[in-house]
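S.K.: here you go, sequence then predicted model.
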Amino acid sequence: MSGGEITVVAPDGVPEVHKGDDLTALLIAALEGIGHHLADGDVVAVTSKVVSKAEGQVREGTRDDVLDEETRRVVARRGRTAIVRNRLGLTMAAAGIDASNVEAGHVVLHPVDPDGSARALRATLRERTGANVGVVVTDTAGRAWRDGQTDLAIGAAGLQVLESFAGQEDAYGNSLVVTAPAVADEVAGVAELAQGKLAARPFAVMRGRGDLVLPVGDDGPGAGALIRGEGQDFFGYGAREAVVRALRGEPGDRAPFGAPAAAEELAAAIAEVTGVSVSGTDTELRAPDADPRTLAVLAYAHGWEVIDQTASLLRPLGP
């Protein structure tokens, strides 16, 4: 194989998957049907839907019937569409609950532990084929700022899920600071191109990036390592929801707004909204002529609090 070349195969002939089915056996049989065998360094992609079906994560009812069960908090709502942070920490429409390619009147939930599912599949593939492979469990998701959907990794084992180029230099001598391709997501995307949406090809095998596959016994951090924690994302709420949450000012709603902003950032926001003069230090601000309600909302959204309304004194929240 020449440098820079990868190949992806997605075998046909995989039967409908039901609870208790052996995914390893199904994959091996499908690959044998096209004369393909796993080798060290291959990366196996499997759709989360067949993992969920094999694990019994199919429910009778509609998305709305199980949405609350799968939701940890609502990020945004637009009409009937709910974007939520689900029990796995993934932010998805309808919590990632799927009503396609399943018996009418039923829905498919995510696997209970996608990284665990990937580890189990990797182990059984090693036992039965002798090959040291990486495994990615994939699902389809929309993206902020872009129309359309693409596949991403919700589970992974034996795979370097993120490549970091920080500290390296490009061909022009420029230092790379935050360049970190989410290669597990890239594997999921290229696998989906071979699988298709309606072709009943739930498995794909990518060959040519064996450098991403970890040694036997090292499953790596899993795809969970790609999920940003609460407050680390710039977009913890939808635009409308952020306004409402800040106005409500509930302590439990703070986390998605992130860590306390720098004093100069909050001071600039207060001056922009209220037009008053703000003074203070890195840990204490005063805006004596500002409307108290407006000041409280701005402080809340920036991770600060008003500790003396009479003096309009603000301080950042502690850890």
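M.R.: That came through, no problem.
S.K.: please, which helix or strand holds the closest residue to residue 144 other than its chain neighbours?
M.R.: Leaving out its chain neighbours, the residue that sits closest to residue 144 by C-beta to C-beta, 6 or more residues apart in numbering is residue 235, at 6.3 Å. (Glycine included, C-beta is placed from N, CA and C.) Following DSSP states H and E, there is no helix or strand that holds residue 235.
S.K.: quick one, phi/psi of residue 235?
M.R.: Note on residue 235: backbone dihedrals following degrees, to the nearest 10 are phi -130, psi 60.
S.K.: and it, how far is that from residue 42?
M.R.: Residue 235 sits 36 Å away from residue 42, going by C-beta to C-beta, to the nearest Å.
S.K.: can you check the pLDDT for the residue nearest to residue 144?
M.R.: Listed pLDDT for residue 235 reads 92.
S.K.: please apply the same query to residue 1.
M.R.: Reported pLDDT for residue 1: 44.
S.K.: got it, and residue 196?
M.R.: For residue 196, the pLDDT comes out at 90.
S.K.: residues contacting the closest residue to it other than its chain neighbours?
M.R.: Leaving aside its sequence neighbours, residue 196 sits nearest to residue 10 (C-beta to C-beta, 6+ apart; 7.5 Å). Under the criterion of C-beta atoms under 8 Å, 6 or more residues apart in numbering, the neighbours of residue 10 are 191, 194-196, 199, 201, 203-205.
S.K.: hmm, back to that, between residue 235 and residue 42, who's got more neighbours?
M.R.: Taking neighbours as other C-beta atoms under 10 Å, residue 235 and residue 42 compare with residue 42 leading, 25 against 14.
S.K.: distance of the closest residue to the more buried one other than its chain neighbours from residue 40?
M.R.: Distances taken as C-beta to C-beta, 6+ apart place residue 133 nearest to residue 42, at 4.6 Å, with adjacent residues excluded. Plainly put, residue 133 is 7 Å away from residue 40 if you go by C-beta to C-beta.
S.K.: what do these two both touch?
M.R.: Common neighbours of residue 133 and residue 40 (C-beta under 8 Å, 6+ apart) are residue 213.
S.K.: which of those two has more neighbours?
M.R.: Neighbour count, other C-beta under 10 Å: between residue 133 and residue 40, residue 133 has more, with 24 against 13.
S.K.: surely that one and residue 43 touch.
M.R.: Yes - between residue 133 and residue 43 a contact is recorded at 6.4 Å, counting by C-beta atoms under 8 Å.
S.K.: give me the common contacts of these two.
M.R.: Shared contacts of residue 133 and residue 43, defined by C-beta under 8 Å, 6+ apart, are found at residue 213.
S.K.: for the longest helix seen in the chain, buried residues please.
M.R.: Ranked by number of residues, the top helix in the chain under DSSP state H is helix 114-129. Neighbour counts over helix 114-129 (16 or more other C-beta atoms under 10 Å) mark 114-126, 129 as buried.
S.K.: give me the mean pLDDT for stretch 7-17.
M.R.: For stretch 7-17, mean pLDDT rounds to 96.
S.K.: stretch 275-285 now?
M.R.: Mean pLDDT, computed over stretch 275-285, is 95.
S.K.: between the two ends of it, how far is it?
M.R.: Start-to-end span of stretch 275-285 (C-alpha to C-alpha, to the nearest Å) is 15 Å.
S.K.: thinking again about what came up before, ok, the buried residues of helix 114-129 vs residue 156, which is closest?
M.R.: Proximity of the buried residues of helix 114-129 to residue 156 (C-beta to C-beta) peaks at residue 118, which lies at 5.4 Å.
S.K.: who's the closest residue to that closest one other than its chain neighbours bridged to?
M.R.: Spatial nearest neighbour of residue 118, chain neighbours left out: residue 157 (3.8 Å); criterion: C-beta to C-beta, 6+ apart. Beta bridges link residue 157 to residue 135 when assigned by DSSP bridges.
S.K.: got a list of what residue 157 touches?
M.R.: Counting by C-beta under 8 Å, 6+ apart, residue 157 touches 115, 118-119, 121-122, 134-135, 219-220, 222.
S.K.: mind listing the strands for the stretch 101-250 of the chain?
M.R.: In the stretch 101-250 of the chain, strands defined by DSSP state E, counting those that start in this stretch lie at 106-108, 134-143, 146-157, 203-207, listed in chain order.
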